[in-house]
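Trainee: When you get a sec, could you give me coordinates for this:
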Amino acid sequence: MENSSRSHKSIGYLLKKYSGVLETAGIDNSMAEVRFLMWYVTGKDLGQLYTELDKELNDIEAMKLKKLVMKRATHYPLQYILGDTYFMDMRFLCRENVLIPRSDTENAVMCALDHAPEKTISVLDMCTGSGCIGISYYVNRYRDGYDDYVTMVDISDHAIELARDNAKLHNADVNIVKSNLFEELKDEAGEPLRRYDIIICNPPYIKTNDINYLMKDVRDYEPRLALDGTRDGLYFYRRVTEEALDFLKPGGYLIYEIGYDQYMDVFTIMRNAGFKRIKKMMDMDGNDRVVFGLMPG
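Mentor: Residues are numbered from 1 along each chain as shown. Predicted coordinates for the structure are as follows:
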């Protein structure tokens with residue numbers, strides 16, 4: 001009886017048991033997620049886990065693992081549980097009330113890096129969230145020898161705090177501003193305090209009525225403020241495009257992340273505002289993911 005009891009605390013038994021729990025709850029890649037949770041609880045990497053399948057967790061570890069698995073089974077995001085995720089091969093802290101960085105967004109950073117000239121420039125990351133766009137851009141450019149002036153803006157106090165912590169984590173010398181879009185980037189006369197060579201923006205772009213159809217992980221736990229693009233999902237593209245005309249240098253780039261079906265709508269918004277040479281980039285799944293164009297003048 002004692003041996004049977006111990007076997008129910010073994011790494012191999014618990015991996016199988018809890019992957020079944022998560023699979024039943026509708027969590028994709030359930031085994032991989034349980035491995036992450038097991039690593040988080042025990043500190044053992046994947047290699048150790050598979051060489052120690054018969055080793056037992058102690059009571060505290062077993063209780064903690066069960067608690068975290070049950071939490072994940074409610075579709076509470078894994079990144080919030082672990083407290084971090086990876087973006088552009090860099091570790092970023094994650095917390096509740098701030099949108100979780102996603103690999104699709106790396107396309108916007110790559111677009112900016114590809115179009116940045118071989119000189120020091122000014123870049124604005126509008127709707128920065130966790131700071132993953134602005135910080136990863138800055139770090140990659142700094143490695144290439146350019147100390148670009150990067151400003152990162154968000155309206156959320158939670159996002160501003162997290163972006164600052166992520167900037168410290170990566171020793172990124174960036175300027176982080178709490179603002180409702182461009183409001184705090186203007187002087188008393190309403191003129192821009194600075195003009196930028198590149199503006200990157202990953203705005204809220206989900207249609208209000210579509211939010212209810214998102215994955216439970218996103219719908220129930222990630223901030224609606226970072227998701228809701230109002231009725232047609234295009235509100236922030238219109239606002240940012242209009243004001244970007246005052247904040248971009250002639251020949252500067254406006255770069256957007258977009259939803260998979262928004263290319264023509266955002267293209268039209270940018271074209272009507274006078275942007276030139278508007279192009280798109282696709283993500284790894286072949287979906288339209290980035291739209292970018294040149295400031296007229």
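Trainee: all contacts plus neighbour counts: C-alpha atoms, from now on.
Mentor: Noted.
Trainee: Model confidence for the residue nearest to Lys276 when sequence neighbours are not counted, exactly?
Mentor: What sits nearest to Lys276 in space, not counting adjacent residues and going by C-alpha to C-alpha, 6 or more residues apart in numbering, is Leu294, at 5.0 Å. Looking at Leu294, its pLDDT is 97.
Trainee: Tell me, how many residues neighbour Leu294?
Mentor: 23 (other C-alpha atoms under 10 Å).
Trainee: so the closest residue to Met270 other than its chain neighbours, which of the three states?
Mentor: Nearest in space to Met270, with sequence neighbours left out and distances taken as C-alpha to C-alpha, 6+ apart, is Thr241 at 6.5 Å. Put simply, Thr241 is helix when judged by DSSP: H, G, I helix; E, B strand; the rest coil.
Trainee: and what of Pro203?
Mentor: What three-state DSSP gives for Pro203 is coil.
Trainee: Could you list the buried residues of stretch 181-189?
Mentor: Using 16 or more other C-alpha atoms under 10 Å as the test for burial, stretch 181-189 gives 181-182, 185.
Trainee: Test my guess that Glu96 contacts Val218.
Mentor: No - with contacts counted by C-alpha atoms under 8 Å, Glu96 stays clear of Val218, the gap being 11.3 Å.
Trainee: list residues touching both of the two?
Mentor: Counting by C-alpha atoms under 8 Å, 6 or more residues apart in numbering, Glu96 and Val218 have no shared contacts at all.
Trainee: pull the longest strand from the protein.
Mentor: As assigned by DSSP state E, the longest strand anywhere in the chain is strand 248-257.
Trainee: Mind giving me the packing neighbours of it?
Mentor: Here strand 248-257 touches helix 106-115, strand 196-201, strand 288-294, going by 3 or more C-alpha pairs under 8 Å, 6 or more residues apart in numbering; DSSP states H and E.
Trainee: would you list those in JSON lines and tack on distance to Ala273?
Mentor: Below are the helices and strands packed on strand 248-257 laid out as JSON lines (distance: least, C-alpha to C-alpha, whole Å):
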{"stretch": "helix 106-115", "distance to Ala273": "20"}
{"stretch": "strand 196-201", "distance to Ala273": "15"}
{"stretch": "strand 288-294", "distance to Ala273": "11"}
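Trainee: among the ones you listed, which is nearest Lys66?
Mentor: In terms of C-alpha to C-alpha, the element of the helices and strands packed on strand 248-257 nearest to Lys66 is helix 106-115, at 33.4 Å.
Trainee: Also compute the angle for that closest one relative to strand 288-294, please.
Mentor: Relative orientation of helix 106-115 versus strand 288-294 (axes from the mean of the first three to the mean of the last three C-alpha atoms, to 10 degrees): 30 degrees.
Trainee: Now do helix 106-115: which elements does it pack against?
Mentor: Looks like helix 106-115 contacts helix 132-143, strand 196-201, strand 248-257, strand 288-294 (3+ C-alpha pairs under 8 Å, 6+ apart).
Trainee: now those as TSV including distance to Pro117?
Mentor: Formatted as TSV, the helices and strands packed on helix 106-115 follow (distance: least, C-alpha to C-alpha, whole Å):
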stretch	distance to Pro117
helix 132-143	10
strand 196-201	9
strand 248-257	10
strand 288-294	14
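Trainee: I'd like to know which of those lies nearest to Thr268.
Mentor: Of all those, strand 288-294 comes closest under C-alpha to C-alpha, at 10.9 Å.
Trainee: how about the CA coordinates for the longest strand of the chain, as PDB?
Mentor: Extracted as PDB, the C-alpha positions of strand 248-257 are listed here (Å, rounded to 0.1, in the frame of the first residue of the first chain):
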ATOM      1  CA  LEU A 248       5.900  60.900 -38.500                       C
ATOM      2  CA  LYS A 249       8.800  62.500 -40.400                       C
ATOM      3  CA  PRO A 250       8.300  62.600 -44.200                       C
ATOM      4  CA  GLY A 251       9.300  59.200 -45.500                       C
ATOM      5  CA  GLY A 252       8.700  57.600 -42.200                       C
ATOM      6  CA  TYR A 253       7.000  54.300 -41.800                       C
ATOM      7  CA  LEU A 254       3.700  53.500 -40.100                       C
ATOM      8  CA  ILE A 255       3.600  49.800 -39.200                       C
ATOM      9  CA  TYR A 256       0.500  48.000 -37.900                       C
ATOM     10  CA  GLU A 257      -0.300  44.500 -36.700                       C
END
